[in-house]
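In: Attaching a predicted model along with its sequence, questions to come.
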Amino acid sequence: MADLFSPRQRSSIMRAVKGKDTSPERIVRRMAHALGYRFRLHVSALPGCPDMVFPCRRKVIFVHGCFWHKHRCKRGDRMPVQNREYWLKKLDANRRRDRRHRAALAKLGYRVLVVWECQIRSPRRLESALRTFLEEEARLR
Ligand SMILES: [Zn+2]
């Protein structure tokens with residue numbers, strides 16, 4: 001598949017992915033930035049205080065840790081051996097809260113993308129997921 005980006009854009013994207021601060025949220029931020037998108041961070045006025053908000057597009061992105069938000073993946077399936085009950089309850093509550101926030105955002109007309117920590121490991125796929133999400137027109141207005 002032909003690369004959609006110039007070598008310069010491509011290297012800026014790769015730099016973004018391999019940057020020093022490798023927290024998942026930073027990586028997604030840098031990638032979106034390198035792709036040319038502008039956004040606001042942690043808008044507490046919106047349900048769930050989304051990590052990235054694209055006001056003109058009416059879209060938001062959450063970057064979720066697999067463990068804390070109970071992703072259905074290897075990492076998200078892990079459960080601490082100690083205090084199992086406590087963790088089960090806590091992580092379930094997180095999941096329910098995430099769902100509430102997504103529903104509330106949808107009601108306000110926002111489209112929501114959740115980027116999972118484990119997706120960061122496939123930069124190309126993540127990049128195309130970001131572009132698809134950000135470029136797609138809202139079907140319902
Ligand atoms: Zn995951």
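Out: Perfect, thanks for sending it.

In: what's the closest non-adjacent residue to residue 133?
Out: Spatial nearest neighbour of residue 133, excluding adjacent residues (CB to CB, 6 or more residues apart in numbering): residue 113 at 4.5 Å. Placement of C-beta: from N, CA and C, glycine included.

In: Ramachandran angles for residue 41?
Out: In terms of degrees, to the nearest 10, the main-chain angles of residue 41 are phi -110, psi 140.

In: Please work out how many residues are found near it.
Out: The number of residues packed near residue 41 is 11, by other CB atoms under 10 Å.

In: Quick check: it vs residue 93, distance?
Out: From residue 41 over to residue 93 the distance is 25 Å, taken as CB to CB, to the nearest Å.

In: thinking again about what came up before, part of a helix, is the residue nearest to residue 133?
Out: No - under the criterion used here (DSSP: H, G, I helix; E, B strand; the rest coil), residue 113 is strand, not part of a helix.
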